[in-house]
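Novice: predicted model and sequence below, questions to follow.
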Amino acid sequence: MKIDLKSGEVCLSDNHPICLRQARGLCVTSTAGTIWITVTGEPGDTFLEPGQTYEVSSNGLAIIESIGNGRVRLTKPKLFSGLRQQAVEILRQLKPHEKTGRSGPVSLKP
């Protein structure tokens, strides 16, 4: 296994799997070759062709291997990327103002 830091991809070769623990939510995208994914607690195996993505749904051991040579990109979904900032803004608005002791209005921005 090699990691291409320029592209952010993991280069895989036949019979050299990578093993990931607690990978729930990880997105595996095939960028080259056929990728074979097995996850403890998930039924069956998954095979990806270039351009296909699979999201690991359990927290079991995930084994990712290529058939021949392959490349994958591993990412976390960005579904909740703005959630932390929204929470900080809500807490800031709920904090009583130093002079008046009142809280500001709370608005959720989509």
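Specialist: Here it is on my side, so go on.
Novice: from here on, contacts and neighbour counts on C-alpha atoms
Specialist: Noted.
Novice: how about the helices in the chain?
Specialist: 83-94 (DSSP state H).
Novice: ok now do the closest residue to Thr46 other than its chain neighbours, which residues does it touch?
Specialist: Leaving aside its sequence neighbours, Thr46 sits nearest to Ile37 (C-alpha to C-alpha, 6 or more residues apart in numbering; 5.1 Å). Applying C-alpha atoms under 8 Å, 6 or more residues apart in numbering to Ile37 gives the contacts Asp45, Thr46, Phe47, Ala62, Ile63, Ile64, Glu65.
Novice: go on, Arg21?
Specialist: Neighbouring residues of Arg21 by C-alpha under 8 Å, 6+ apart: Asn59, Gly60, Leu61, Ala62.
Novice: ChimeraX command to pick out the buried ones of the contacts of Ile37?
Specialist: To isolate the buried members of the contacts of Ile37 in ChimeraX, using 16 or more other C-alpha atoms under 10 Å:
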select :47,62,63,64,65
